[in-house]
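Asker: Below is the sequence, then the predicted model.
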Amino acid sequence: MPGATLIALIPILPIASFLFIALVGKKYFPKFCGILGTLSLLGSFIISAITAYQYFLQNGKVNGIYTQLTPIKFSWLQFSPGVSIDMGILLDPISVMMIVIVTFISLMVHIYSLGYMKGEERYATYYSFLSLFTFSMLGLVLSANIFQIYIFWELVGVSSFLLIGFYYDKPSAVAASKKAFIVTRFADLGFLIGILVLAFYSGTLDFQTLITRLTTHTDQLNNAVTTSFLGMSALTWGLLLVFMGGAGKSAMFPLHIWLPDAMEGPTPVSALIHAATMVVAGVYLVARLFPIFSISGQTALHVVAYVGIFSSFFAAIIACTQTDIKRVLAYSTMSQIGYMMFALGVSGYGGENGLGFVASMFHLFTHAMFKALLFLCAGAVIHYVHSNEMKDMGGLRKLMPITHITFLIACLAIAGIPPFAGFFSKEEILQAAYHSNMTIFVLAVITAAITAFYMFRLYFSIFWSKSFVSHHSGEHHHGEASGTMLFPLILLGLMSIIAGLVPFGKFVTSDGKELETAFHITFSITPVLLATGGILLAAMLYKKENSKPQTISDGLGGLYRSIYKKFYIDEIYLFMTKKILFNLIGRPAAWFDRNVVDGTVNLTANLTGKVSVAIRGLQSGKMQQYAIYFFIGVLGFTVLFIYLWI
Amino acid sequence: MNNIGLPQMLIVSSILFFIGVYGFLTRRNMITMLMSIELILNSVNINFIAFNKYLYADKLDGLFFTIFIITIAAAEAAVAIAIIINLYRSYKSIDVEDANTMKF
Amino acid sequence: MNASTIIFYVLAAIILGGAVAAVTNRKIFRAAISLLFSLIGIAGLYFYLDYQFIAAVQIVVYVGGIVVLIIFSIFLTQESGENMKRPAIGRVLFSGLAALFGCAFTILLIQDYQFVPTTLAAIEPTANNIGSQMLSTTEHGYILPFELVSILLLAAMIGCIVIAMKIKEPATNIIAPNALKIGDVTYTEVTIETIKEKVI
């Protein structure tokens, strides 16, 4: 294992680059900041890769089980002898996997942005924000303590806010960043309460102690399970509230409303944050607390599963109607994360039961690759066409060959066609669902088919459909993207192909022991056939420009319209906040503050003024009045002293 | 009414004192206010002399106090007249209500 | 009721009557003269008490000095003739009541108190005794206040002169008393003839 300092460098390099770029680089060498950020990320990635290599292949195992290592741990805040917040780095299979993913995708995005954001005025600021985000995400996955994860959770939220609202002169971007922050912050309220509940019952904030205390037969577990509130045990409440936080960050229904709007940010940001890293933070959280979920909190785990599958299905349906390519990808992300969530939800703990856990983590790994690739390709297309809408595109396959090929690879991966990466991970998820819950399995298969359909709808609309007519005629038209933009695309394309071949069960499992995942051909035929069917349907409708899609959507009429409007969820939220919250709570509170609180202060001031005006007549400047007051005072004192004191 | 003793003297001086106070608080003319002050001072003189004669006949302290009070009253009256004349030059009147600029 | 009591009451009447006249009369001169009579009455009281020296000092300083000073200042401020303004009724009532209350209170206290005269031998207040005691340096001597009072008188004298001094403004552009300045031209003699010349 590399020494503790070297591991500490993994998050420290990005934060150092953030501080340096923000304080020094922005002013003195703005053009160079991109290279600086990329170099620091490269360093971080190399160290992560070395750590992963050594952990997984050399020293991580003790007696055949991958153990949790804490190379760094120091006490930060001591509340009481039992409860203290210790900051530290925890290395175990999922965190090592996550640092590799995060640094790799971040490195790809950094390199891509060298070309995409070239000429941007706030270039250095952009790179500083990217470094800040990477630091926060790395801190999140390396946290040893549930409170530390909350701190980094919030930091990730802030970085996301800064990056979504990067183009701050666009009101839609500002509104989107505000929405993202508020929705995730609201979810974090649940997270914090959940942390407090869990900490209260288990008496500790440290992950390892927390898990041991709430999974084995201890007093704390007994306590937590028997105390009940409104019908559910305290432990279930705690886990559900923590999941609420995770659901907000991972855009699960009904806290998903921020994710489509978050596409207002620059496309590399969408690739990094809203495809591969930040949105999987919720999944990571559930995976981190998985022993508690699966051993002691079965109710909560069921809720996780149902929320996951519902979000997945819901997003897939909406994605079929969207015309903005980034929105389609956003809903696709929501759908895939739903997959990861319900895979965790149907999983058990240990051995064969733990297949869902392995599948979920595997899907996280492969999804990061191909989703980032999809977004970066979309960025290249948008860069070329100067528009986000599908109707402005078409026939780009001859004009952007490399982007075309890589986009096709990513679409095949996400549709689950062998031998691309997505096939293997989806395969395992479906297997895990099949062995636990038939409803979820059926819905998952249907969703897989729909996924294939809308992804290829997107592919055909962009690259086939009609001939490309540039709307900006007369403008000097540039060729396909530059080298710095193409290199990550190629690399991620390669990863999308080979990532599926990693024997994930050997490395990342729920209890650390190796799990042999078998590959059943008979089982996988059905999903692959359904996916191919979806692809053919999409080809039929979209490969050549025709009127069939229009007739279908007209035929569906009102249903189509409500799906296009994302089932009116945004309108419901707006109604609730504006009509109910603002009018019933906000306005009276404002009235109270203006009239009662301010009124009291103003009243005090006015009263003082009036009293002073009344009193100032005593200083009339007339000497005889003063003499009268003096005389009366003397008489008064005389009477007082003679009659009342003797 | 027996022989005139200390209480009668003191009653006379008290009445004189309060007449002086009334005059000081009532009069609008600065010079008449000064006259009231002289009455007050004289009532104090009567007090001292009366106490000296009736209670402390072996000492002359009351007498000396009276001498010094008379002296100082003279000096003070002179200074007061000088100030009144100065004020008269500024305000062109010796009405005490006209000199009221030191107010709010 | 012997003669001494009657004399005392007469003296008291003069004192208090003069005082009341001094504070209520609306003609300023009459008030000053009433004050004069009141002070003479007080001097008479001192004679009645066998303190001749003080009585003499009273007449010389108060009557002959201060009242004269007051009369001079009345002349200087040109207020001798007209009636003075009445004070406001409210103030009269209020001050009168306050003074009356204070007076009654004091007299009540005086009546209740038991004054204890000393039993030692009396000392005659002759000029000889007064003089030697004033200039003695022993415990009951008043040499220090005597010297201080002289310094105070000096200071008061200088102070009066400084306060009442008229400071002449520095003369700028002294023009002859009959001069008239129109524009740039100064006419040193303005008479009806010169005006007639210029206008007609």
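Answerer: Arrived safely, thanks for sending.

Asker: ok, the residue of chain B found nearest chain C - how many residues close by?
Answerer: For chain B, the residue closest to chain C is residue B:23, as judged by C-beta to the nearest C-beta, at 3.0 Å. C-beta coordinates here come from the backbone N, C-alpha and C atoms, glycine included. Residues near residue B:23, counting by other C-beta atoms under 10 Å in any protein chain shown, number 26.

Asker: same question, the one 4 residues further on
Answerer: With neighbours defined by other C-beta under 10 Å, the count for residue B:27 comes to 25.

Asker: dump the residue contacts of it.
Answerer: The contact partners of residue B:27, taken as C-beta atoms under 8 Å, 6 or more residues apart in numbering or on different chains, are B:33, B:36, C:23, C:84, C:87.

Asker: in those, which two residues are the furthest apart from each other?
Answerer: For the contacts of residue B:27, with distances taken as C-beta to C-beta, the pair at the greatest spread is B:36 and C:84 (13.5 Å).

Asker: More neighbours: which of these two?
Answerer: With neighbours defined as other C-beta under 10 Å, residue B:36 and residue C:84 compare such that residue B:36 has more, 23 against 18.

Asker: ok, the more buried one touching residue C:23?
Answerer: Yes: contact between residue B:36 and residue C:23 holds when scored by C-beta atoms under 8 Å: they sit 5.8 Å apart.

Asker: Name the residues contacting each of the two.
Answerer: When contacts are counted by C-beta under 8 Å, 6+ apart, the set common to residue B:36 and residue C:23 consists of B:20, B:22-23, B:27.

Asker: Adding pLDDT and secondary structure as columns, could you present these in CSV?
Answerer: What follows is these, written out as CSV (pLDDT from 0 to 100; DSSP: H, G, I helix; E, B strand; the rest coil):
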residue, pLDDT, secondary structure
B:20, 95, helix
B:22, 94, helix
B:23, 93, helix
B:27, 88, coil
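
Asker: Tabulate those (TSV), appending distance to residue A:584.
Answerer: As requested, these are arranged in TSV below (distance: C-beta to C-beta, whole Å):
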residue	distance to residue A:584
B:20	75
B:22	71
B:23	74
B:27	72
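
Asker: from the contacts of residue B:27, which has minimum pLDDT?
Answerer: Scanning the contacts of residue B:27 for pLDDT, the smallest score is found at residue C:84, 73.

Asker: other SSEs contacting the longest helix along chain B?
Answerer: Taking DSSP state H as the criterion, chain B has its longest helix at helix B:61-91. Packed against helix B:61-91 by the contact rule (3 or more C-beta pairs under 8 Å, 6 or more residues apart in numbering or on different chains; DSSP states H and E) you find helix B:30-54, helix C:52-57, helix C:68-76, helix C:127-134, helix C:143-164.

Asker: give me every residue that touches the nearest residue to residue A:516 once chain neighbours are set aside.
Answerer: What sits nearest to residue A:516 in space, not counting adjacent residues and going by C-beta to C-beta, 6 or more residues apart in numbering or on different chains, is residue A:505, at 6.1 Å. Contact partners of residue A:505, counting by C-beta under 8 Å, 6+ apart, are A:358, A:514-517.

Asker: What average pLDDT does the host helix or strand of residue A:261 get?
Answerer: Residue A:261 belongs to helix A:258-261 when assigned by DSSP states H and E. In this model, helix A:258-261 has an average pLDDT of 90.

Asker: in stretch A:232-242, what counts as buried?
Answerer: Of all the residues in stretch A:232-242, those buried under the rule 16 or more other C-beta atoms under 10 Å in any protein chain shown are A:233-242.

Asker: scratch that, stretch B:68-82
Answerer: Judged by neighbour count using 16+ other C-beta under 10 Å, the buried positions of stretch B:68-82 are B:68, B:70-71, B:73-82.

Asker: how about low-confidence regions in the stretch 451-600 of chain A?
Answerer: A:469-481 (pLDDT under 70).

Asker: on that earlier part again, please tell me I have it right and the residue of chain B closest to chain C contacts residue B:31.
Answerer: No: with contact defined as C-beta under 8 Å, residue B:23 and residue B:31 do not form a contacting pair (11.7 Å).

Asker: Do you know the pLDDT at residue C:44?
Answerer: Model confidence at residue C:44, expressed as pLDDT, equals 95.

Asker: how many other residues sit next to it?
Answerer: Look at residue C:44: counted by other C-beta under 10 Å, it has 20 neighbours.

Asker: Quick check: the gap between it and residue C:59.
Answerer: When C-beta to C-beta, to the nearest Å is the yardstick, residue C:44 and residue C:59 sit 10 Å from each other.

Asker: Validate this expectation: residue A:72 resides in a strand.
Answerer: Yes: according to DSSP: H, G, I helix; E, B strand; the rest coil, the state of residue A:72 is that of a strand.

Asker: And the longest helix of chain B, how far out from the chain middle?
Answerer: In terms of C-alpha atoms, centre = their mean, to the nearest Å, the gap separating the centre of helix B:61-91 from the centre of its chain is 10 Å.

Asker: pLDDT averaged over it - what is it?
Answerer: Rounded mean pLDDT across helix B:61-91 is 91.

Asker: residue in chain C nearest to chain B?
Answerer: Distance from chain B to each residue of chain C (C-beta to the nearest C-beta) is smallest for residue C:23, at 3.0 Å.

Asker: just checking, next helix/strand downstream of the host helix or strand of that residue?
Answerer: Secondary structure from DSSP H and E places residue C:23 in helix C:3-24. Using DSSP H and E, the next helix or strand after helix C:3-24 towards the C-terminus is helix C:28-48.

Asker: Name the surrounding residues that touch that next one.
Answerer: With C-beta under 8 Å, 6+ apart as the contact definition, helix C:28-48 has outside contacts at B:12, B:29, B:31-32, B:35, B:38-39, B:42, B:45-46, B:49, C:4, C:7-8, C:11-12, C:14-19, C:21-23, C:25, C:52, C:54-55, C:58-59, C:62-63, C:67, C:70-71, C:74, C:79-80, C:84.

Asker: let's see 7 Å
Answerer: Contact partners of helix C:28-48, identified using C-beta atoms under 7 Å, 6 or more residues apart in numbering or on different chains, comprise B:29, B:31-32, B:35, B:38-39, B:42, B:46, B:49, C:7-8, C:11, C:14-15, C:18-19, C:21-22, C:25, C:54-55, C:58-59, C:62-63, C:67, C:70-71, C:74, C:79-80, C:84.

Asker: That helix to helix B:61-91, inter-axis angle?
Answerer: Between helix C:28-48 and helix B:61-91, the angle formed by their directions is 170 degrees, by axes from the mean of the first three to the mean of the last three C-alpha atoms, to 10 degrees.

Asker: Okay, angle between helix C:28-48 and helix C:68-76 too, please.
Answerer: Going by the same axes, to 10 degrees, helix C:28-48 makes 180 degrees with helix C:68-76.

Asker: quick one, what contacts residue A:197?
Answerer: Shown here is residue A:197, whose contacts under the criterion C-beta under 7 Å, 6+ apart are A:234, A:237-238, A:241.

Asker: run the last query once more with 6 Å
Answerer: Residue A:197 makes contacts with A:237-238, as judged by C-beta atoms under 6 Å, 6 or more residues apart in numbering or on different chains.

Asker: Residue A:117 too?
Answerer: Under the criterion of C-beta under 6 Å, 6+ apart, the contact partners of residue A:117 comprise A:123, A:126.

Asker: how close does it get to residue A:38?
Answerer: Counting by C-beta to C-beta - residue A:117 and residue A:38 are separated by 12 Å.
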